[in-house]
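Participant: Structure for this input, please:
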Amino acid sequence: MRVLYIHAEHFSWEVKDPALDIKDEPTPGRAENALVVFVTVERGDAADEDFLRQVARDVVDVARRVKASSIVIYPYAHLSNELARPYTAREVVNRLYEVVRSEFGGDVHKAPFGYYKAFELKCLGHPLSELSRTFKPEQARQGKREEERRDFYVVLTPAGEEYDPAKFDYGGYEDLRILVEKEVFKKELGGGAEPRYLEYLRKFGFEWEPMSDVGHMRYAPEATVMMELVEDYAYMAAKSLGIPVFKIRGTNMFKLAESAIETHAKLFGERLYVVESDTDLILRYAACFQQFAMAKDWVISYRHLPFGMLEIADSYRHEQPGETVLLFRLRRFYMPDLHIFTRDLPEAVNVTYKLHEVIFREIGKLGRTYVSLYNVTEDFYKSHRQYLVELARREGKPILVRVLPGQKYYWVLNVEFHIIDELGRPREVATFQIDVGNAQRFGIKYVDENNQTRYPVIIHTAILGSVERYLYAVFDTMAIAEKEGKTPRLPTWLSPVQVRIIPITKDNLKYAVEVADKLEAEGIRVDIDDRDETLSKRVREAETAWVPYICVVGAKEAGEGTLSVRERGGGQYKMTPAELVEKIKEEVRGYPSRPLYLPRFLSQRPSRY
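Facilitator: Predicted structure coming up:
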């Protein structure tokens, strides 16, 4: 923060035109014998109480030394070229005004933020009448560290016993021990080695886009079909909750001038993507803004509740360049974001039982499980401790609970579901939160059975996690399998190519096409390797591509109407096309289907590498 002090005999200002969409009320003003404080809020400044108290005490000290009878806080963007974003700057200036008022015994004025203003001043011209200051928010960061230390953790068992994480016996709970090491004791785990899953991503076309910003990916056809299958499956998982679910689509940019957007956005701070246009915009970091903006315009009755709203939201978070990890920590990703609108907190708690069940069911289908971190407000912990015990009982193991004093966020409960990856590190995938603040902030209402207007309690959840993180969990599962000496194999429903037919010679191509037509008609993704390569090379490349079913066909198979099948990790055998169709359809039952996103014939495909 940069500050210029002018001790003025008199100072007045007049509001002209708006300079920003984010602005205060356009009030003029005048002060006599005033210390005028020209304030420039810089990037990194925050409306932290300790930081602003430090600034305010200096302001008041100078005012008393020059014997000013009044103080004017004047927003002024011309003392630095490292400006904070407008929504942050206004918050800091307005809060500084409040803190100065609490410290100073005389009149304190504030010129409005967000306008071009004309001002007139007469400087008194003594040695202390013009001073400048630079303030760094070191105390803000220190204050934040102190606040974090006021949080406390407990291990809560299914029997309701509560333990200090430092004293708990982790015998039989290795995953919990790893989570506690990271979250409670802040130890970095599993460093040094490169995750094995990164080797797999190249073959499926998950890559960084070097011509975009850091942390942005591109998706080849194989990756694209996998992404879209997970998006479809996220909707199926949401519907399995047994409540009405509305799937929507919306924009990814929202105005910071909207107070609800501004207030909610402050929680993300410097992780926001800001877009400079005719007005200041932010790129959304999840689907909250769009769904809430839509829900506020709906006429909702208590009879409609609970219901869900789902969007596959392109989401943006300005992660630090050194922190981005392919498919796991990204600046742009796709979030199957589900919000469940409920009547009140008791109904929200009841809905989360089924939600919790579905979240564990889905990770269990990959052969994995979660270890859970429950972030809760202190009041919620006191009033709903038995609810947390019940969730621990359903998980069948102790959970880690972080208790936060006060109501800093919009939620009273924020659950992080972690897998322990191949390198022994906790990795958050799925989540849910119970939100008690945003319905009122965005004006989302319903009418209860007594014809009274109420604000719903909202559950935020990503049942599968983001699309990319779910796929990360899939590939990490393959990495663990390979580490254990097993053949890594994608679930058949997720395999970009489910069947590859390899004709031994060109004479067998007609039969290969006939078989492919039959399989494709049944919704199976099938291709044909018709290239002029040796049979052994084509089989080897299909195995390298993790195709689950490789079908070699020659004159004998064509005459018999059969296929020589090599199943990935499952041996070799002969079967008819109809039998293969039935086998695959059984494996993919209950999962979505998409067509092949590549030319059927491998001879028509350019090489990517």
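
Participant: Please enumerate the strands of the stretch 401-550 of the chain.
Facilitator: Counting by DSSP state E, counting those that start in this stretch, the stretch 401-550 of the chain has strands at residues 411-420, 426-435, 446-447, 453-454, 457-462, 499-503, 526-528, 549-553.

Participant: The second one: partners in the sheet, and parallel or antiparallel?
Facilitator: Within its sheet, strand 426-435 is paired with strand 411-420 (antiparallel), strand 457-462 (antiparallel), according to DSSP bridges.

Participant: Present the ones you listed as TSV; the columns should include mean neighbour count and distance to residue 194.
Facilitator: (Glycine included, C-beta is placed from N, CA and C.) Shown next, in TSV, are the strands paired with strand 426-435 (neighbours: other CB atoms under 10 Å; distance: least, CB to CB, whole Å):
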stretch	mean neighbour count	distance to residue 194
strand 411-420	23	17
strand 457-462	24	27
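
Participant: if we can go back for a sec, need the strands of the stretch 401-550 of the chain in TSV with distance to residue 152 and mean pLDDT, can you?
Facilitator: Supplementary listing: these in TSV, determined by distance: least, CB to CB, whole Å; pLDDT from 0 to 100:
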stretch	distance to residue 152	mean pLDDT
strand 411-420	16	97
strand 426-435	19	97
strand 446-447	36	98
strand 453-454	34	97
strand 457-462	24	98
strand 499-503	55	98
strand 526-528	56	98
strand 549-553	53	98
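
Participant: Same list, those strands, but as JSON lines with distance to residue 397 please.
Facilitator: Putting those into JSON lines (distance: least, CB to CB, whole Å) gives the following:
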{"stretch": "strand 411-420", "distance to residue 397": "13"}
{"stretch": "strand 426-435", "distance to residue 397": "15"}
{"stretch": "strand 446-447", "distance to residue 397": "37"}
{"stretch": "strand 453-454", "distance to residue 397": "37"}
{"stretch": "strand 457-462", "distance to residue 397": "21"}
{"stretch": "strand 499-503", "distance to residue 397": "40"}
{"stretch": "strand 526-528", "distance to residue 397": "43"}
{"stretch": "strand 549-553", "distance to residue 397": "38"}
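
Participant: Which one, of the ones you listed, ends up nearest to residue 573?
Facilitator: strand 549-553 (10.7 Å; CB to CB).

Participant: Compare the strands of the stretch 401-550 of the chain and give me the one nearest residue 484.
Facilitator: Closest to residue 484 of the strands of the stretch 401-550 of the chain is strand 411-420 (CB to CB; 14.5 Å).

Participant: which outside residues touch the closest one?
Facilitator: Contact with strand 411-420 is made by 174-175, 178-179, 345, 359, 363, 368-377, 379-380, 384, 426-437, 460, 473, 476, as judged by CB atoms under 8 Å, 6 or more residues apart in numbering.

Participant: of those, buried ones?
Facilitator: Neighbour counting over those (16 or more other CB atoms under 10 Å) leaves 175, 178-179, 345, 359, 363, 368-377, 380, 384, 426-427, 429-437, 460, 473, 476 as the buried ones.

Participant: Can you get me a residue count around residue 105?
Facilitator: Residue 105 has 9 neighbouring residues, counting by other CB atoms under 10 Å.

Participant: what helix or strand does it sit in?
Facilitator: Element membership for residue 105 (DSSP states H and E) is empty, with no helix or strand holding it.

Participant: ok, it to residue 71 distance?
Facilitator: 10 Å (CB to CB, to the nearest Å).

Participant: What residue, apart from its backbone neighbours, is nearest residue 253 spatially?
Facilitator: Spatial nearest neighbour of residue 253, chain neighbours left out: residue 281 (4.5 Å); criterion: CB to CB, 6 or more residues apart in numbering.

Participant: check which helix or strand covers the one you found.
Facilitator: Assigned by DSSP H and E, residue 281 belongs to strand 280-283.

Participant: What of residue 224?
Facilitator: Assigned by DSSP H and E, residue 224 falls within helix 221-239.

Participant: just to revisit the earlier point, in the sheet, who's paired with the residue nearest to residue 253?
Facilitator: Bridge pairing for residue 281 (DSSP bridges) gives the partners residue 255, residue 275.

Participant: Domain-wise, how is this structure divided?
Facilitator: Using automatic domain parsing, the domains assigned to the chain come out as 2-145, 191-198+225-251+284-476, 492-604.

Participant: got CSV for the ones you listed, with distance to residue 212 too?
Facilitator: CSV is the format used below for the domains of the chain (distance: least, CB to CB, whole Å):
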stretch, distance to residue 212
domain 2-145, 22
domain 191-198+225-251+284-476, 8
domain 492-604, 21
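
Participant: Which of those domains comes out lowest on mean pLDDT?
Facilitator: Looking at these, the lowest mean pLDDT belongs to domain 2-145 (a mean of 90).
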